[in-house]
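Asks: Got a predicted structure plus its sequence, pasted below:
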Amino acid sequence: MEKAKRILCVGAGYVGGPTMAVIADKRPDLEITVVDVSQERIDAWNSDVLPIYEPGLDEVVKRARGRNLFFSTDIASGIKNAGIIFVSVNTPTKTFGEGAGMAADLQYWEKTARAIIEHAEDDKIVVEKSTLPVRTAEAMRRILESNDKGLHFDVVSNPEFMAEGTAVSDLENPDRVLIGAMETDRGRAALDAIVDVYAGWVPRDRIITTNVWSSELSKLVSNAMLAQRISSINSVSAICEKTDARVEEVAKAIGMDSRIGSKFLRSGVGFGGSCFKKDILNLVYLCHCEGLPEVADYWEQVIKINRFQETRFVRRVVKNMFNTVSGKRIAVFGFAFKADTGDTREAPAIRVCGMLLDEKARLAIHDPQALDNAKLDLAERAGDFDFHEDPYAAAEGAHAVLILTEWASFKDLDYKRIFDSMEKPAFIFDGRNILPHGELFDIGFNVFPLGAPAMTHM
Ligand code: NAD
Ligand code: UGA
């Protein structure tokens with residue numbers, strides 16, 4: 001097989017695994033190997049229980065694994081054999097040194113670059129799949145070009161836009177694929193090679209090409225704009241609760257303006273996930289470094305409103321439960337940062353539960369997929385909390401149910417049964433506005449939708 005058809009991906013996480021599985025599925029003529037430093041992760045990718053929960057992923061992996069999709073910890077051989085290397089290692093917010101709490105921590109990224117120069121025996125295309133600060137490609141190029149073997153590496157940016165929970169459909173049918181490369185002859189050739197990978201199933205007019213800096217910046221701005229819409233509508237939810245307007249009606253009314261659009265206007269308890277906050281902080285850091293404090297402040301406000309939304313939600317719970325939740329059992333439905341994933345990174349539930357534990361509430365936490373991660377997230381927390389596979393068991397004896405994730409299964413529960421098993425007065429705080437509030441009120445609950453007037457019997 002010619003080298004350009006042998007693809008390696010370094011990093012078998014939420015992005016590397018699904019992305020490469022879909023490429024392998026759609027392009028049986030390519031050979032894809034995904035490597036990781038974590039033996040445990042690779043073993044899971046090679047097993048029947050994949051390391052991440054993602055609808056439709058099992059089928060895709062089963063079709064391709066062993067045929068043209070391989071998972072391994074042999075990074076050295078992977079690098080030697082591949083013509084194209086995607087890098088999708090984690091790029092978390094730095095926790096130490098210069099830029100701590102804001103800048104991206106590029107240590108995993110740099111280690112990968114150094115592994116590439118150590119093991120490569122010929123020229124390669126290196127693709128930035130991770131989300132990176134603007135101009136990382138230049139640093140990457142410099143490190144790679146520092147090799148003393150006379151090898152040449154072309155760095156291409158190909159940020160990933162998939163969302164968790166819908167990764168497979170996003171990858172199979174993307175709004176767009178973005179590929180940025182250096183504006184040189186070699187850069188253009190590398191760009192064509194990556195376009196060719198996707199052109200096997202993505203319509204050509206959805207594959208857009210730019211210079212490498214536009215590509216890197218577009219990824220940060222894309223996440224910042226999505227998060228900004230959520231903070232905007234969440235800020236409106238706060239106004240709604242003061243004025244008896246309903247945020248869902250407002251969202252519908254504004255979203256029908258085709259210039260605004262209806263997507264990403266669901267008000268909730270706040271956005272979570274591993275990327276929105278991290279990528280905005282990255283943008284904010286870039287603005288500060290480039291002497292643009294006004295622009296930095298503008299984007300930072302998106303994060304502040306998100307934190308305010310979580311705090312506001314908890315304050316509303318405490319205030320309406322007679323100003324104290326101390327010693328009261330509270331059922332938390334949903335810990336994942338969004339539905340259809342077991343991922344809890346930056347989940348609003350972590351901070352909401354933390355604040356409630358500070359108030360000395362007793363928490364009974366239920367989530368259909370995220371309990372293992374929830375246990376890790378709360379491992380260091382003092383306080384009274386336990387975890388339940390069964391939502392009815394979590395609600396039994398509780399004073400309130402809080403909806404923190406928009407799992408469809410929460411809509412199908414028998415709320416009469418839940419109400420009957422709870423302490424009275426029984427409260428529901430719907431932090432995702434997914435339940436039928438009128439019906440719950442008729443059952444006897446005091447219902448607190450988000451960004452809408454409360455419905456109480458008191
Ligand atoms: P992740 O933590 O799930 O996966 C990263 C993997 O890289 C881990 O398994 C880790 O063990 C591995 N790794 C780290 N250093 C390594 C090394 N030197 N060699 C080999 N493997 C190494 O992270 P993720 O969620 O997949 O995100 C990866 C990147 O993609 C980030 O930059 C993120 O911002 C971006 N991104 C994530 C999403 C998402 O939905 N999670 C979407 C788009 C973009
Ligand atoms: C997000 C982006 O949607 C992806 O395009 C991007 O690739 C990815 O980040 C990334 O770079 O990691 P993801 O975080 O997986 O994807 O999920 P989203 O659907 O964007 O949801 C993020 C958070 O916003 C969730 O907590 C969700 O509940 C919340 N949200 C979303 C709302 O509160 N309201 C909405 O209307 C939409």
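Replies: That came through, no problem. Numbering: from 1, shown residues only. Ligands and ions are numbered 1, 2, ... in the order given.

Asks: Over to the residue sitting nearest the centre point of the chain: give its phi and psi.
Replies: In the chain, the centroid-proximal residue (C-alpha atoms, centre = their mean) is G273; its distance is 3.7 Å. Its backbone dihedrals place G273 at phi 100, psi 160, with angles given as degrees, to the nearest 10.

Asks: Which of the helices and strands in this protein ranks last by mean pLDDT?
Replies: Ranking every helix and strand in the chain by mean pLDDT, DSSP states H and E puts helix 136-145 at the bottom, with a mean of 89.

Asks: How about it, which residues are buried there?
Replies: The neighbour-count check on helix 136-145 (16 or more other C-beta atoms under 10 Å) flags T136, A137, A139, M140, R141, I143, L144 as buried. Yep, even glycine has a C-beta here, placed from its N, CA and C like the rest.

Asks: Relative to the helix or strand following it, what are the paired strands and their orientations?
Replies: Sequence-wise, the next helix or strand beyond helix 136-145 is strand 153-157, with elements assigned using DSSP states H and E. Paired strands of strand 153-157, with direction, are strand 124-128 (parallel), strand 177-181 (antiparallel) (DSSP bridges).

Asks: what does stretch 251-260 contact?
Replies: Contacting residues not belonging to stretch 251-260 are listed as I233, V236, G261, S262, K263, L265, R266, S267 [C-beta atoms under 8 Å, 6 or more residues apart in numbering].

Asks: Now do the end-to-end distance for it.
Replies: As for stretch 251-260, its first-to-last residue distance stands at 10 Å under the measure C-alpha to C-alpha, to the nearest Å.

Asks: hmm, stretch 218-228 in reach of ligand 2?
Replies: Yes: in this structure, stretch 218-228 sits against ligand 2 according to C-beta under 6 Å from any ligand atom; the contacting residues are N223, L226.

Asks: Would you mind measuring from G99 to ligand 1?
Replies: Using C-beta to the nearest ligand atom, to the nearest Å, we find G99 at a distance of 16 Å from ligand 1.

Asks: From M225, how far out is the closest residue to that residue other than its chain neighbours?
Replies: With C-beta to C-beta, 6 or more residues apart in numbering as the measure, Y285 is the residue that lies nearest to G99, at 5.7 Å, once sequence neighbours are left out. Here the criterion is C-beta to C-beta, to the nearest Å. By it, Y285 lies 18 Å from M225.

Asks: Which residue of the two possesses the greater neighbour count?
Replies: For Y285 versus M225, neighbours defined as other C-beta atoms under 10 Å are more numerous around Y285 (20 against 13).

Asks: Could you tell me the model confidence score at the more buried one?
Replies: Each residue has a pLDDT score; the one for Y285 is 95.

Asks: List the contacts of it.
Replies: Under the criterion of C-beta under 8 Å, 6+ apart, the contact partners of Y285 comprise G99, M102, A103, A104, P133, A296.
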